[in-house]
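Engineer: Build the 3D model from these lines:
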Amino acid sequence: MQSFSRLYQTLDQTTSTNAKVAAMAQYFDEADARDAAWAAYFLSGRRLKRLIGAATLREWLKASCDLPEWLIDDTYASVGDLAETIALLIARPGNAGEEHSLANWVEQQILPLREQEHELQQRTVCSWWQTQNYEQCYIINKLLTGALRVGVSQILLARAVAEQANLPRELILHRLMGEWTPDVSFWQQLVSADTGESVPSRPYPFCLASPLEAEADTLGDVREWIAEWKWDGIRAQLIRRQGQTYCWSRGEELIGPRFPEIEAAAAGLPDGTVLDGEILPWNENGVMPFAQLQRRIGRKTVGKKLLTEVPCIFLGYDMMESQTNDIRSQSFEQRYAQLQQTVNTLDNEAIRLSTVLSAASWQELAEQRQQSRDRQVEGLMLKHVSSKYETGRKRGLWWKWKVEPYTVDAVMLYAQAGHGKRANLYTDYTFGVWQGDKLVPIAKAYSGLDNKEIAELDKWIRKHTLEKFGPVRSVEMQQVFELAFEGINISTRHKSGIAVRFPRIARWRRDLGPKDADTLDQVKALVQINDVADIADTQVSKSTGNSTS
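Structural biologist: The predicted structure follows:
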């Protein structure tokens, strides 16, 4: 555990990608296979299922610490992270306790807690706090709550493993995809020479697009680009291998049971087929609002009523594997031709083909892009005809040319401190618009301001607080901000009656007073749907999937 703790600290304290890769490669070079497998598991973003809740740990902290409760609460409020608060208050410098490897800690110490009685859990965990140093205590707490996050991407992890094993990075990335168990067997397979092995369920790393911020005509000849609508759904990979179907979200979650109509249609795909595309709610009138898709996202299985109310399709726009052959190195034009043939041969409406738009000029394409709102899409995707299916975000090959976001002017109502490094600053804000002579909350946002603006606003919030509700402060209703968001829908779960998607701060409107903010009627006018009554009962919840590229 000490070696992994040192690795974690190194990764947390540097912003250099080369330094992170070097630190991970050195760790893997020195670790045994069991420890290396668990380290790869956590570094790839995977986490243990929560064993003990934060509220329980907080009570145990108060019971095992000699400090008054108010001081513990104030410390936690200041630090903003419970695992760190415990480590700071209880762990002692130099403590190391009985040394266990990372694998032993997880398999023999932490995971067995799940079967223990509450009192034994408390005695065990509190004894760990007393005998471990700060670094190890912090990591143990994160493992217990299933909240261990490490500041590296899967691509950096793959670079480190590839460097240590002297293998291609793309091969390691592919082997890290999908579901796997962190054990000796997995690690040996991960770093073994390429034998052409195939795991039927394993997806490919997704190819991602970059936002187009320049004028489209700077990309050169429009004929060198293929344009498609940028759909607002769940990016997914549909796999048919060895007589089985697997549907993976971009977050590497198997989501097939939530979309049985798509799984059933995929049974007709040729064996050895992998498609990239978008899962969309789709009825006889075309694409439905994203809020309808969210009703399916939150279910592990779907009943007949929901299947009828929210039918879904898989809209394919790329192909990575054909007849068991990896075709990612072929041009997009070639891959699309094979995709077209495969989908057309299938002839099942649950799996469809994304339409390629035709345009003789960038101006003509821009005019089509202006139809995005009416079509309930986010804009256009632009893909170079010769582009390979790359891993991750390769700038210059795929672009997302989105329409401008919705914007409203709203008044800040509440503020809450952030977490981690921003625990001492008020960075999370709630905004409202006018309904008659009252301000009604419509959105929360925590991104969009630079560090200087955050510091200035934090100082203002502290001086203009009206009331405190635990960690939340209500503030004088003076500051106006322009909010940007990607979508808006009717919602019965929100007091305002609407829900917005991906809200963020576009700018601080210092030129406006609170009375200049928008009204709720103006915001509701942005709702562009065919039939408001059709989604009046929609239960809007946080998405578990990621939108397209």
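Engineer: Show me what I498 is bridged to.
Structural biologist: According to DSSP bridges, I490 are recorded as the beta-bridge partners of I498.
Engineer: Next up, the contacts around it.
Structural biologist: 442, 488-491, 520, 523-524, 527 (C-beta atoms under 8 Å, 6 or more residues apart in numbering). The C-beta positions use only the backbone N, C-alpha and C, and glycine is treated the same way.
Engineer: what does A19 give?
Structural biologist: T10.
Engineer: what's the average pLDDT for the helix or strand hosting it?
Structural biologist: Here A19, judged by DSSP states H and E, is contained in helix 17-30. Here helix 17-30 scores 95 as its mean pLDDT.
Engineer: And the strands in the stretch 251-400 of the chain, which stretches?
Structural biologist: Taking DSSP state E, counting those that start in this stretch, the strands of the stretch 251-400 of the chain run over residues 273-283, 286-287, 312-322, 325-326, 351-353, 356-357, 379-384, 392-393, 398-402.
Engineer: Next: the stretch 401-549 of the chain.
Structural biologist: 406-417, 426-435, 438-445, 465-469, 472-475, 480-485, 487-490, 498-501, 504-508.
Engineer: Can you pull out the residues in contact with the last one?
Structural biologist: Spelled out, that is strand 504-508. 405, 407, 429, 445, 447-449, 453, 457, 479, 481-485.
Engineer: Apply 6 Å and report the result again.
Structural biologist: 407, 445, 447-449, 481-482, 484 (C-beta atoms under 6 Å, 6 or more residues apart in numbering).
Engineer: Run a quick neighbour tally on L144.
Structural biologist: 23 (other C-beta atoms under 10 Å).
Engineer: That one sits in which helix or strand?
Structural biologist: Going by DSSP H and E, L144 is part of helix 134-145.
Engineer: try S127
Structural biologist: helix 118-131.
Engineer: which parts of that helix are buried?
Structural biologist: 121-122, 125-126, 128-129 (16 or more other C-beta atoms under 10 Å).
Engineer: same question, stretch 250-257
Structural biologist: Quick answer for stretch 250-257 (16+ other C-beta under 10 Å): 250, 252, 255-256.
Engineer: quick check, nearest of those to K383?
Structural biologist: R250 (17.2 Å; C-beta to C-beta).
Engineer: returning to what we had before: mind checking which of the strands of the stretch 251-400 of the chain is nearest L11?
Structural biologist: strand 392-393 (19.0 Å).
Engineer: Average pLDDT for that closest one, rounded please.
Structural biologist: 88.
Engineer: what's the answer for stretch 521-528, then?
Structural biologist: 83.
Engineer: cool, and stretch 208-215?
Structural biologist: 92.
Engineer: what helix or strand does the residue in the chain sticking out farthest from the centre sit in?
Structural biologist: Within the chain, D66 marks the point farthest from the mean C-alpha position, 39.6 Å out by C-alpha atoms, centre = their mean. In the assignment (DSSP H and E), D66 maps to no helix and no strand.
Engineer: With A236 instead?
Structural biologist: strand 234-241.
Engineer: List the pairing partners of that strand within its sheet, with orientation.
Structural biologist: strand 244-249 (antiparallel), strand 273-283 (antiparallel).
Engineer: quick one, which of those strands is packed in tightest?
Structural biologist: Counting by mean count of other C-beta atoms under 10 Å, strand 273-283 has the highest mean neighbour count of these, with a mean of 23.
Engineer: can you count the residues close to P205?
Structural biologist: Counted with other C-beta under 10 Å, P205 comes out at 22.
Engineer: Kindly provide the distance from it to A37.
Structural biologist: P205 sits 20 Å away from A37, going by C-beta to C-beta, to the nearest Å.
Engineer: do Y204 as well
Structural biologist: Computed with C-beta to C-beta, the distance linking Y204 and A37 is 22 Å.
Engineer: pLDDT wise, what is the closest residue to E135 other than its chain neighbours at?
Structural biologist: Excluding its sequence neighbours, the residue lying closest to E135 (C-beta to C-beta, 6 or more residues apart in numbering) is S5, at 4.1 Å. S5 is assigned 91 on the pLDDT scale.
Engineer: just checking, what packs against the lowest-mean-pLDDT helix or strand in the chain?
Structural biologist: Using mean pLDDT, DSSP states H and E, strand 487-490 stands out as the lowest-scoring helix or strand of the chain, at a mean of 82. Judged by 3 or more C-beta pairs under 6 Å, 6 or more residues apart in numbering; DSSP states H and E, strand 487-490 is in contact with strand 498-501.
Engineer: Now do the strand it packs on: distance to the chain's middle.
Structural biologist: The chain centre lies 18 Å from the centre of strand 498-501; the measure is C-alpha atoms, centre = their mean, to the nearest Å.
Engineer: And it, what's buried?
Structural biologist: Buried-residue list, strand 498-501, by 16+ other C-beta under 10 Å: 498-501.
Engineer: What lies in contact with stretch 25-37?
Structural biologist: 7, 101-103, 160, 163-164, 182-184, 186-187.
Engineer: Kindly indicate the member of those residues with the most neighbours.
Structural biologist: L102 (27 neighbours).
Engineer: Identify the residue spatially nearest to K49, adjacent ones excluded.
Structural biologist: G146 (5.8 Å).
Engineer: burial count for the residue nearest to E135?
Structural biologist: Neighbour count of S5, defined by other C-beta under 10 Å: 20.
Engineer: Next up, the contacts around T391.
Structural biologist: 170, 173, 205.
Engineer: Quick check: strands, which of those are part of them?
Structural biologist: Per DSSP state E, strands hold no members of these.
Engineer: Show me where the stretch 151-300 of the chain dips below the pLDDT cut-off.
Structural biologist: Scanning the stretch 151-300 of the chain for pLDDT under 70 picks out the ranges 196-197.
Engineer: Got the domain ranges for the chain?
Structural biologist: 2-145, 207-402, 406-535 (automatic domain parsing).
Engineer: Of the strands of the stretch 251-400 of the chain, which is nearest V411?
Structural biologist: strand 398-402 (27.1 Å).
Engineer: Got the confidence number for G545?
Structural biologist: 40.
Engineer: Take the strands of the stretch 251-400 of the chain and write them to JSON lines, including distance to W434.
Structural biologist: Shown next, in JSON lines, are those (distance: least, C-beta to C-beta, whole Å):
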{"stretch": "strand 273-283", "distance to W434": "33"}
{"stretch": "strand 286-287", "distance to W434": "32"}
{"stretch": "strand 312-322", "distance to W434": "38"}
{"stretch": "strand 325-326", "distance to W434": "57"}
{"stretch": "strand 351-353", "distance to W434": "43"}
{"stretch": "strand 356-357", "distance to W434": "40"}
{"stretch": "strand 379-384", "distance to W434": "30"}
{"stretch": "strand 392-393", "distance to W434": "40"}
{"stretch": "strand 398-402", "distance to W434": "29"}
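Engineer: how about those strands, which one is nearest P112?
Structural biologist: Between the strands of the stretch 251-400 of the chain, strand 392-393 lies closest to P112; by C-beta to C-beta that is 37.5 Å.
Engineer: Next up, identify which helix or strand R159 is on.
Structural biologist: helix 154-165.
Engineer: Would you mind getting the angle between that helix and helix 17-30?
Structural biologist: Using axes from the mean of the first three to the mean of the last three C-alpha atoms, to 10 degrees, the inter-axis angle of helix 154-165 relative to helix 17-30 is 50 degrees.
Engineer: List of residues touching helix 154-165?
Structural biologist: 20-21, 24-25, 28-29, 43-44, 169, 172-173, 191, 392.
Engineer: which residue packs closest to L171, ignoring adjacent ones?
Structural biologist: Per C-beta to C-beta, 6+ apart, closest to L171 is D194, 5.6 Å.
Engineer: Could you list the low-confidence segments of the stretch 301-450 of the chain?
Structural biologist: 420-421.
Engineer: And L171, how far from M320?
Structural biologist: 15 Å.
Engineer: oh, I was asking about A265
Structural biologist: 18 Å.
Engineer: K402: neighbour count?
Structural biologist: Considering only other C-beta under 10 Å, K402 is surrounded by 17 other residues.
Engineer: is it true that it touches L380?
Structural biologist: No - with contact defined as C-beta atoms under 6 Å, K402 does not reach L380; the gap is 8.0 Å.
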